[in-house]
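>>> pasting the sequence and the predicted model now:
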Amino acid sequence: MASFNTCQPAQMSREEFVAHFADIYEHSSWVAERTYDEGVSDTDNQVEALHQRMAEVLLQADVKEQLALINAHPDLAGRAAVTGELTAASTAEQAGAGIDQCTPEEFEQFTQFNNSYKERFKFPFIMAVKGANRYQILESFEMRLGNDSAAEFAKAIEEINKIALFRLQDM
């Protein structure tokens, strides 16, 4: 297991912990708050251990809280990306997948997929894009549009936990 390079979670006060890990889960500091409140130990100085605990907090949350977290995520290549309104982490993740280099036609395809997805499922498409490229993302959009709502809700939670792991590893 990898240790954090920039911090020691077990040595942090609640305020420090929440401030440091608040945006691991997009605009949802409650995940960090609950993780800390359940008790932080030296084991949590390991990235994977802390991620597992945070992921469990999300999995144990009620559906309303989970849905709010899903809805806190921006559209891939959406208006927020174009206008520079994404969090720093989201901006880096989308740029890393080449989304910022889309042609006008690709942006239009992202827009169409985003709109179709939200119309069908009532929440945004979530994908941990690190290690993927824009072509793979568009392909995933197309495939996942055929899923049912329960499968996509579960997939969104799974992808959010992947995103959280990547963000923790980047620390």
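Okay, I see it.
>>> which parts of the chain are helices?
14-21, 30-37, 47-60, 63-71, 79-83, 88-96, 104-121, 134-144, 149-169 (DSSP state H).
>>> for Met171, what are its contacts?
4-7, 47 (Cβ atoms under 8 Å, 6 or more residues apart in numbering). To be clear about C-beta, it is placed using only N, CA and C from the backbone, and glycine gets the same treatment.
>>> which pLDDT value belongs to it?
Met171 is assigned a pLDDT of 89 by the prediction.
>>> any idea of the mean pLDDT for stretch 69-77?
86.
>>> tell me which of the helices of the chain is the most buried.
The highest mean neighbour count among those, using mean count of other Cβ atoms under 10 Å, belongs to helix 30-37: a mean of 20.
>>> need the helices of the chain in TSV with distance to Met127, can you?
Shown next, in TSV, are these (distance: least, Cβ to Cβ, whole Å):
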stretch	distance to Met127
helix 14-21	22
helix 30-37	19
helix 47-60	17
helix 63-71	12
helix 79-83	14
helix 88-96	10
helix 104-121	11
helix 134-144	6
helix 149-169	5
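>>> right, and those helices - which one's nearest Ala128?
With Cβ to Cβ, the closest approach to Ala128 among those belongs to helix 149-169: 3.6 Å.
>>> restricting to C-alpha, output that closest one in PDB.
Extracted as PDB, the C-alpha positions of helix 149-169 are listed here (Å, rounded to 0.1, in the frame of the first residue of the first chain):
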ATOM      1  CA  SER A 149     -31.600   3.000 -14.300                       C
ATOM      2  CA  ALA A 150     -30.600   0.700 -11.500                       C
ATOM      3  CA  ALA A 151     -27.500  -0.500 -13.300                       C
ATOM      4  CA  GLU A 152     -26.500   3.100 -14.200                       C
ATOM      5  CA  PHE A 153     -27.000   4.300 -10.600                       C
ATOM      6  CA  ALA A 154     -24.800   1.500  -9.300                       C
ATOM      7  CA  LYS A 155     -22.300   2.200 -12.100                       C
ATOM      8  CA  ALA A 156     -22.200   5.900 -11.200                       C
ATOM      9  CA  ILE A 157     -21.400   5.100  -7.600                       C
ATOM     10  CA  GLU A 158     -18.700   2.700  -8.700                       C
ATOM     11  CA  GLU A 159     -17.200   5.300 -11.000                       C
ATOM     12  CA  ILE A 160     -17.300   7.900  -8.300                       C
ATOM     13  CA  ASN A 161     -15.300   5.700  -6.000                       C
ATOM     14  CA  LYS A 162     -12.800   5.100  -8.800                       C
ATOM     15  CA  ILE A 163     -12.500   8.900  -9.200                       C
ATOM     16  CA  ALA A 164     -11.900   9.300  -5.400                       C
ATOM     17  CA  LEU A 165      -9.100   6.700  -5.500                       C
ATOM     18  CA  PHE A 166      -7.400   8.500  -8.300                       C
ATOM     19  CA  ARG A 167      -7.700  11.800  -6.500                       C
ATOM     20  CA  LEU A 168      -6.300  10.300  -3.300                       C
ATOM     21  CA  GLN A 169      -3.400   8.700  -5.200                       C
END
